[in-house]
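[1] Quick one, fold the following:
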Amino acid sequence: MSKQAVAIENDNQNIVEFKNTLIRHSENIILKDVNLEVKQGEFVYLIGKVGSGKSSLLKAMYAELMLHEGYGFAVGYKLKSIKSKQIPFLRRKMGIIFQDFQLLSDRTVYENLNFVLKATGWKNKKEMDIRIREVLSQVDMVHKGYKKPHMLSGGEQQRIGIARALLNEPELILADEPTGNLDPETTDDLMKLLHEISSLGKTVIMATHNYNIIKKYKGRTLLCQDAKLKEPETSELELDN
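    Reported below is the predicted structural model:
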């Protein structure tokens, strides 16, 4: 079944939408009564302490965690009723950036990106070469394609993680603590890059517990706290992270 056949349109044109949603691991409730609307081009921070539900909400968006109650929608798919065979199509419309990079250590940068293109249905070698060069250029890593991950700094590895997320020109980028393993200077570089990507019309939803980031790099901010998702009070943004 084709992507066009299984995707649906959302009447409100939100790229992500949750209504009265319950997210849980087994019997443990992680977030309840989640109500969220995200439109194209928004840059949204999910903040909160470690274990507050930020990563779980992202996992619900890419259907690693299934919804138990309420309504969920992301990039053309209803999440509560999505079938397993539809999930790869859902994820091809997203770019996911991880804290620990998740690069294949035995392959070069080029081979890492080529592996993703093959896995998502690309066939034409010339087109694949062009696309890899495009995304490496976008993250200023075009001359590092021959290197393996262990030859790169943490910041460089995360740039490759961002390049990987951009390969299929996703509608939505989900970043789960992408600066968690980086020093402050490298964090600044990565945040500038993510905001540049957002300025091109990409929607970015980023989980972080680093409140200094959201003070310096503006975006809409939502707080995961006490199993709820809410707009934070100003005082809650002054808490130590």
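[2] Show me the shaky parts of the protein.
    Residue ranges of the chain with pLDDT under 70: 1-12, 235-241.
[3] which residue ranges form the strands in it?
    Ranges of strands in the chain, per DSSP state E, are 16-25, 28-38, 43-47, 69-74, 77-78, 94-98, 172-176, 203-207, 220-225, 228-230.
[4] Tabulate those (a markdown table), appending mean neighbour count.
    The way it works is simple: take the backbone N, C-alpha and C, and place the C-beta from them, glycine included. Shown next, in a markdown table, are the strands of the chain (neighbours: other Cβ atoms under 10 Å):
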| stretch | mean neighbour count |
| --- | --- |
| strand 16-25 | 19 |
| strand 28-38 | 17 |
| strand 43-47 | 22 |
| strand 69-74 | 20 |
| strand 77-78 | 21 |
| strand 94-98 | 22 |
| strand 172-176 | 23 |
| strand 203-207 | 25 |
| strand 220-225 | 19 |
| strand 228-230 | 18 |
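[5] nearest to residue 128, of those?
    Proximity to residue 128, assessed across the strands of the chain by Cβ to Cβ, is greatest for strand 94-98 (16.9 Å).
[6] Give the pairing partners of the closest one; include direction for each.
    When pairing is defined by DSSP bridges, strand 94-98 lines up against strand 172-176 (parallel).
[7] on that earlier part again, may I see the strands of the chain organised as JSON lines, with distance to residue 152 added?
    Below are those laid out as JSON lines (distance: least, Cβ to Cβ, whole Å):
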{"stretch": "strand 16-25", "distance to residue 152": "31"}
{"stretch": "strand 28-38", "distance to residue 152": "32"}
{"stretch": "strand 43-47", "distance to residue 152": "26"}
{"stretch": "strand 69-74", "distance to residue 152": "31"}
{"stretch": "strand 77-78", "distance to residue 152": "34"}
{"stretch": "strand 94-98", "distance to residue 152": "15"}
{"stretch": "strand 172-176", "distance to residue 152": "19"}
{"stretch": "strand 203-207", "distance to residue 152": "22"}
{"stretch": "strand 220-225", "distance to residue 152": "31"}
{"stretch": "strand 228-230", "distance to residue 152": "35"}
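[8] end-to-end on stretch 37-57?
    With Cα to Cα, to the nearest Å as the measure, stretch 37-57 spans 13 Å from end to end.
[9] Can you give the distance from it to the centre of its chain?
    The chain centroid and the centroid of stretch 37-57 are separated by 10 Å under Cα atoms, centre = their mean, to the nearest Å.
[10] List the buried residues in the longest helix that the chain contains.
    Using DSSP state H to define each element, the chain has its longest helix at helix 184-199. Within helix 184-199, the residues that count as buried by 16 or more other Cβ atoms under 10 Å are 186, 187, 188, 190, 191, 193, 194, 197, 198.
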